[in-house]
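Chemist: sequence and computational prediction follow.
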Amino acid sequence: MSSPNETNIDLYMNQINQLVDKYKDDTYMFNRLTSHINNILPSTLENEEKNHEKRVERNNYLLNEQQLFIQLFLNNHHYYYLQSNNVFYFYTGIKYHTVSEDEVHHKILTSISRDRKLLPWKYKTKVTILKMIKERSLFKSIPETDTIQIILHKLHPAFFSSRNMCKYFLTIIGDNLLKKNNDNDTIYITNNSVKKHILDIETLSYLTTGINNITSNIVTKYHENHNFKNCRLIDFNEATSNEMWRNILNEYGIDLLCVATHYSERYGSAEGFLNQEDNISDYVLYLKNNDINSIIDIFMNKYIEIVPASVIGNMSPSNNQITWKNMHYIWKLFINENALPNMIYSNTLKQLLIDKLTYIENTDTFNNITSKYLPGVKQVMDFWDKYTYPISTSGFDYELEVDEICSLLKKWIKTNNSQISANFINENYLLNILNHYYPHIEITENKFILNINCKLWNKTDEINQILNSAHDYYKKQHTDGTTTMIIPINDIYSYYLTHKGADTLTVNKRYFEKYISFVLSDFIEFDNFISIKWLELS
């Protein structure tokens, strides 16, 4: 079988023979044909061969230069892309940020022009680089150590008590961004106080990457349909600042997401993280490793004491029984102190305890048991019932801060030589008691108790006394001609600080100014000043 070249040779020879036959009787044309074959054709082919070799050599040179340029460009300019939102990103080695496609084009073209060697292939090279950048997913980038440490420093200890819990949370977010959890039923449970934080992460992801539902498996409340085996716990710090969290996401949001996907790739998954960093696994897997009955047993062993039969007869009945109301509070204390979700509904909890303890239905009490946590609760309730009272709003939101109540309570305990230590009193402890035993009280932001006053320290009376004193002080100055036309509220607060009783608490500036603006509303000018007309009052 003849080769294609052999077939072509036969064709070419036939064409030459046809030309010879055509011009054999025409001397001029035959001589021209002879000259072309003998002189022009060899020279032309030789020139074509040289030109071809030059073109091949030039193309090879440009190709090598292009490959080198592209490699150096992509190595020195960390551009990435996401198909989910058709957006380009640039990594400085510290921070990630979005860039427009025009910026990427400009950077490529100016770099080619500066290099100059690839000017003939300028646009061809640009198209190749752009295609390669679009194949570099943002979530395949590897953040530098500085970036990772910045994110960890921002989140720990402000939002997570341990670095590993922080890393675990980031790995979960990374899994969800990379859609690794689509085929499993894992539920991540954290505390309700960070619900807004989780929503902010969802918003961040959608706005910066176009990817949504990355927190759909992170919940802030246990539901009876959740299988314990599928539950994992995330220990977010309680009462963290929403504003601080949003500021971090606004400034470092893309960095956080990239660190999250990096951890997901590094550890394989959140479960893989637990296998390698197992010092948080006991907490994270608490529900997976325990059933309802074992959790109840842990609760009873740590928070409930069985009164021995030998001493029951020598005790007052009130000292060896716990009401259901108190038992429910102790249970809440147990789950709060151990950062656990409320995984058992109250009716179910009560029945489980009835099955394990002696229960008297007509008094709704569990007998022959006690708890070391109840004396402190009684102390707080005695204080609250004796010294606090509701106050009419009268158009003004009177308030006591939780930490102010804590200070008054501690002082009262110490003054009364109580056998109960004041050291256990803190804001979270007090809030738990108030929320459980006094649910009608209005508490905002877990910080302000509204329309409640205390007999041991009347904030508004104290401010009123200072106002009367300040009124006389500034009136005398006005008489002496040393007072300006307006008096800064800030100056009156400074007057308060220097004239208040040494043994009383200090009203904070925010509340002080708020109250003055209310009671002296007719004299307020420029928001923060009091008119000297106030001094005309007798």
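Modeler: That came through fine.
Chemist: now do the SS call for residue 434.
Modeler: Going by DSSP: H, G, I helix; E, B strand; the rest coil, the secondary structure assigned to residue 434 is helix.
Chemist: who are the contact partners of residue 358?
Modeler: Contact analysis of residue 358 by C-beta atoms under 8 Å, 6 or more residues apart in numbering lists 366, 367, 368, 369. Quick note: C-beta positions are derived from backbone N, CA and C, even for glycine.
Chemist: would you agree the first one falls within a helix?
Modeler: No: according to three-state DSSP, residue 366 belongs to no helix; its state is strand.
Chemist: closest to the centroid, which residue in this protein?
Modeler: Among the residues of the chain, residue 197 comes closest to the average C-alpha position under C-alpha atoms, centre = their mean, at 5.2 Å.
Chemist: thinking again about what came up before, of the contacts of residue 358 - the most surrounded one?
Modeler: residue 366 (23 neighbours; other C-beta atoms under 10 Å).
Chemist: my read is that that residue contacts residue 327, right?
Modeler: Yes: using C-beta atoms under 8 Å, residue 366 is in contact with residue 327, at 6.0 Å.
Chemist: okay, and the common contacts of those two?
Modeler: Common neighbours of residue 366 and residue 327 (C-beta under 8 Å, 6+ apart) are residue 353.
Chemist: what about residue 379, how many residues nearby?
Modeler: That count, for residue 379 with other C-beta under 10 Å as the rule, works out to 21.
Chemist: show me which residues of the strand or helix carrying it are buried.
Modeler: Assigned by DSSP states H and E, residue 379 belongs to helix 374-387. Across helix 374-387, burial judged by 16 or more other C-beta atoms under 10 Å covers 374, 376, 377, 379, 380, 383, 384, 387.
Chemist: need the contact partners of it.
Modeler: Under C-beta under 8 Å, 6+ apart, the answer for helix 374-387 is 322, 326, 329-330, 408-409, 412-413, 418-420, 424-425, 429-430, 433-434, 437-438, 454-456.
Chemist: just the buried residues of the residues you listed.
Modeler: Going by neighbour count (16+ other C-beta under 10 Å), these have 322, 326, 329-330, 408-409, 412-413, 425, 429-430, 433-434, 437, 454, 456 buried.
Chemist: neighbours around the residue nearest to residue 189 when sequence neighbours are not counted, how many?
Modeler: Of all residues not flanking residue 189 in the chain, residue 341 sits nearest, at 4.8 Å (C-beta to C-beta, 6 or more residues apart in numbering). Using other C-beta under 10 Å, residue 341 is surrounded by 20 other residues.
Chemist: could you measure from residue 341 over to residue 195?
Modeler: To residue 195, residue 341 is 13 Å away according to C-beta to C-beta, to the nearest Å.
Chemist: next one: residue 300
Modeler: 31 Å.
Chemist: now do the end-to-end distance for stretch 90-104.
Modeler: 9 Å (C-alpha to C-alpha, to the nearest Å).
Chemist: in it, what's buried?
Modeler: In stretch 90-104, counting by 16+ other C-beta under 10 Å, buried: 90, 91, 95, 96, 104.
Chemist: how far off centre is the lengthiest helix in the chain?
Modeler: The longest helix of the chain (DSSP state H) is helix 41-76. Centroid separation for helix 41-76 versus its chain: 54 Å, with C-alpha atoms, centre = their mean, to the nearest Å.
Chemist: same check on stretch 191-205?
Modeler: 7 Å.
Chemist: before we move on, the earlier item: pretty sure the residue nearest to the centre of the chain is touching residue 248, no?
Modeler: No: using C-beta under 8 Å, residue 197 is not in contact with residue 248, being 9.9 Å away.
Chemist: pLDDT weak spots in the stretch 351-500 of the chain?
Modeler: 393, 417-420, 481-484 (pLDDT under 70).
Chemist: let's see that with 90 instead.
Modeler: 375-376, 379, 391-398, 413-426, 428, 445-446, 473-486, 500 (pLDDT under 90).
Chemist: show me where the stretch 151-300 of the chain has its strands.
Modeler: 187-189, 218-219, 231-233 (DSSP state E, counting those that start in this stretch).
Chemist: does residue 402 really touch residue 450, like I thought?
Modeler: No: counting by C-beta under 8 Å, residue 450 is not a contact partner of residue 402; they are 11.5 Å apart.
Chemist: relative to residue 37, how far out is residue 13?
Modeler: Counting by C-beta to C-beta, the separation of residue 13 from residue 37 is 12 Å.
Chemist: between the two, which one's more packed in?
Modeler: Neighbour count, other C-beta under 10 Å: between residue 13 and residue 37, residue 37 has more, with 13 against 10.
Chemist: the more buried one is in contact with residue 16, isn't it?
Modeler: Yes: using C-beta under 8 Å, residue 37 is in contact with residue 16, at 7.3 Å.
Chemist: one step back: can you give me the pLDDT of the residue nearest to the centre of the chain?
Modeler: In this model, residue 197 is scored at 96, pLDDT.
Chemist: next one: the one 4 residues further on
Modeler: In this model, residue 201 is scored at 97, pLDDT.
Chemist: the closest residue to it other than its chain neighbours: neighbour count?
Modeler: Of all residues not flanking residue 201 in the chain, residue 215 sits nearest, at 5.5 Å (C-beta to C-beta, 6+ apart). Close neighbours of residue 215, defined as other C-beta under 10 Å, add up to 20.
Chemist: also residue 114?
Modeler: If we define neighbours as other C-beta under 10 Å, then residue 114 has 7 of them.
Chemist: the one 3 residues further on too?
Modeler: Burial of residue 117 is recorded as 13 neighbouring residues (other C-beta under 10 Å).
Chemist: now it. Its backbone dihedrals?
Modeler: Main-chain dihedrals, residue 117, degrees, to the nearest 10: phi -60, psi -30.
Chemist: likewise for residue 399?
Modeler: According to degrees, to the nearest 10, residue 399 has phi -150, psi 150.
Chemist: ok, now which ones touch it?
Modeler: Counting by C-beta under 8 Å, 6+ apart, residue 399 touches 448, 449, 450, 451, 452, 511.
Chemist: bridged to it, which residues?
Modeler: Residues in a beta bridge with residue 399, per DSSP bridges, are residue 450.
Chemist: next: residue 306.
Modeler: residue 369.
Chemist: hmm, residue 154 is touching residue 252, no?
Modeler: Yes: taking contacts as C-beta under 8 Å, residue 154 lies within contact range of residue 252: 6.2 Å.
Chemist: would you reformat the strands of the stretch 151-300 of the chain as JSON lines and include mean pLDDT?
Modeler: Output for the strands of the stretch 151-300 of the chain, formatted as JSON lines (pLDDT from 0 to 100):
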{"stretch": "strand 187-189", "mean pLDDT": "97"}
{"stretch": "strand 218-219", "mean pLDDT": "96"}
{"stretch": "strand 231-233", "mean pLDDT": "97"}
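Chemist: next, format those strands as a markdown table and append mean neighbour count and distance to residue 28.
Modeler: Converted to a markdown table, those look like this (neighbours: other C-beta atoms under 10 Å; distance: least, C-beta to C-beta, whole Å):
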| stretch | mean neighbour count | distance to residue 28 |
| --- | --- | --- |
| strand 187-189 | 22 | 95 |
| strand 218-219 | 21 | 94 |
| strand 231-233 | 23 | 97 |
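Chemist: could you redo those as CSV and give each row distance to residue 67?
Modeler: Shown next, in CSV, are those (distance: least, C-beta to C-beta, whole Å):
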stretch, distance to residue 67
strand 187-189, 46
strand 218-219, 45
strand 231-233, 47
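Chemist: alright, I will stop here.
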